[in-house]
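Trainee: How does the following fold in three dimensions:
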Amino acid sequence: ISRNLFGSLGFWIESWTFYRSVKKYLVKQPAAVYYTRDLPIAYWLSQAISPIFYEIHTLPDVISAKHKRAWKRAVGIIVISQSLQIELVKQGVSPQTIVVARDAVDTRQFKINKTREECRQKLGLPFNQKIIVYTGHLYEWKGTNLMAEAARSLPQDFHFYVVGGTSADIDHFRTRFSTSNFHVIGWRPHLEMPLWQWAADVLLLPTSARSAIGSKYTSPLKFFEYLASGTPIVASDISSTKEILSGGGTDGIEYFEPDNPEDLRRAIIEAFGPKKMLLQTGAKKTATIISTHYTWENRAKIISSFFKIRL
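Mentor: Here you go, the predicted model:
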């Protein structure tokens, strides 16, 4: 909405009118508990009598008085990473008011009864290629440019498939990174993601360390989807991913130095060579762990239990 004629003012008007409408309704609901992810709503509701729970997915470079007031008034704060919790405590928020509830995955979606060859056939992919797949947006902080740099330096039988992105980003990538082993597929329905992830030899998570949202704060949905698929992963060595699993190969993940195309190249070669069996075995074990601990149902239980403690 901030991209329309009114710019960011349009966003604030929309948020304010939404808040006013909700407040008018909730005045008749004295037992209400507020739960929001929006700072404007959390700030305005800081004047309310009913308890507020505020879910936070990232922090700005500059912390304002509005942030601090919303944090202070909140009965509970839900964050998606441990790094967010640490930063909030540094800002004076009591640790007792914070719970870490990481993102999760619908594991049932990734329990498909197909072999890798059947998935490749359905997607029209060659059986004899070494296939590396990335699914998701093409934002700079996600490190997607790194994939194209690595593709140029790898043998031509290593093929990268990039699935996702906005129309503008897809056009940009197709124009800038045009090589025979780098394929920009574009947007595909989410229900198709299990096929891509099962069809791959290796899944790629090249998140940049140059931005706090990627290196510290994010809890990547696609990472949990990757883990649930049981396919080996090559990922940036950053805290936002390492805090979830850190077995160093035994969890099915080969880490590389973020923003370093040469080390990404090294990690991919190792994933197809010396560490292949270790990663495959680890990935299968991790898929079982994910299906037990990182489901949306479990996330809801964490937050629900937190409600009972804080109310």
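Trainee: contacts, neighbours, all on C-alpha from now
Mentor: Fine.
Trainee: where in the chain is pLDDT low?
Mentor: 1-4, 30-31, 246-249 (pLDDT under 70).
Trainee: how about the helices of it, start to end?
Mentor: Under the criterion DSSP state H, helices of the chain are mapped to 8-26, 39-44, 65-73, 82-90, 116-123, 144-153, 167-176, 193-199, 212, 221-229, 239-242, 261-272, 276-293, 296-310.
Trainee: Dump the fourth one to CSV, keeping only the CA atoms.
Mentor: This file holds the C-alpha atoms of helix 82-90, laid out as CSV (Å, rounded to 0.1, in the frame of the first residue of the first chain):
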residue,chain,number,x,y,z
GLN,A,82,17.3,-15.7,19.5
SER,A,83,19.2,-12.8,18.0
LEU,A,84,16.1,-10.7,18.2
GLN,A,85,15.6,-11.7,21.8
ILE,A,86,19.2,-10.7,22.6
GLU,A,87,18.9,-7.3,20.9
LEU,A,88,15.6,-6.5,22.8
VAL,A,89,17.2,-7.4,26.2
LYS,A,90,20.1,-5.0,25.3
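Trainee: next one: stretch 240-247 to chain centre, how far?
Mentor: With Cα atoms, centre = their mean, to the nearest Å as the basis, stretch 240-247 stands 13 Å off its chain's centre.
Trainee: Just the CA trace of that stretch, in CSV.
Mentor: Presented in CSV, the C-alpha positions along stretch 240-247 are these (Å, rounded to 0.1, in the frame of the first residue of the first chain):
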residue,chain,number,x,y,z
SER,A,240,19.9,-16.9,11.9
THR,A,241,20.4,-20.4,10.5
LYS,A,242,23.1,-21.8,12.8
GLU,A,243,20.9,-21.2,15.9
ILE,A,244,18.3,-23.7,14.5
LEU,A,245,20.7,-26.5,13.7
SER,A,246,24.5,-26.6,13.9
GLY,A,247,25.7,-30.2,13.5
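Trainee: of all the helices of the chain, which lies closest to residue 182?
Mentor: helix 144-153 (6.4 Å; Cα to Cα).
Trainee: Please report the distance of the residue nearest the centre of the chain from residue 136.
Mentor: Nearest residue to the geometric centre of the chain (Cα atoms, centre = their mean): residue 220, 1.3 Å. Using Cα to Cα, to the nearest Å, we find residue 220 at a distance of 10 Å from residue 136.
Trainee: surely the residue nearest to the centre of the chain meets residue 103?
Mentor: Yes: if you go by Cα atoms under 8 Å, residue 220 and residue 103 touch, sitting 7.1 Å apart.
Trainee: phi, psi of residue 166?
Mentor: Dihedral pair for residue 166: phi -80, psi 170, per degrees, to the nearest 10.
Trainee: Who are the contact partners of it?
Mentor: Contact analysis of residue 166 by Cα atoms under 8 Å, 6 or more residues apart in numbering lists 137-138, 186-187.
Trainee: how about those, which pair is most distant?
Mentor: Pairwise distances across the contacts of residue 166 (Cα to Cα) peak at 10.7 Å, for the pair 138 and 187.
Trainee: now the contacts of residue 166: which count as buried?
Mentor: In the contacts of residue 166, burial by neighbour count holds for 137-138, 186-187, counting by 16 or more other Cα atoms under 10 Å.
Trainee: Which ones among those residues map onto strands?
Mentor: residue 186 (DSSP state E).
Trainee: Reformat the buried ones among the contacts of residue 166 as TSV; add distance to residue 10.
Mentor: Converted to TSV, those look like this (distance: Cα to Cα, whole Å):
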residue	distance to residue 10
137	25
138	26
186	30
187	28
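Trainee: Out of the buried ones among the contacts of residue 166, the closest to residue 170 would be?
Mentor: Using Cα to Cα, those come closest to residue 170 at residue 186, 6.0 Å.
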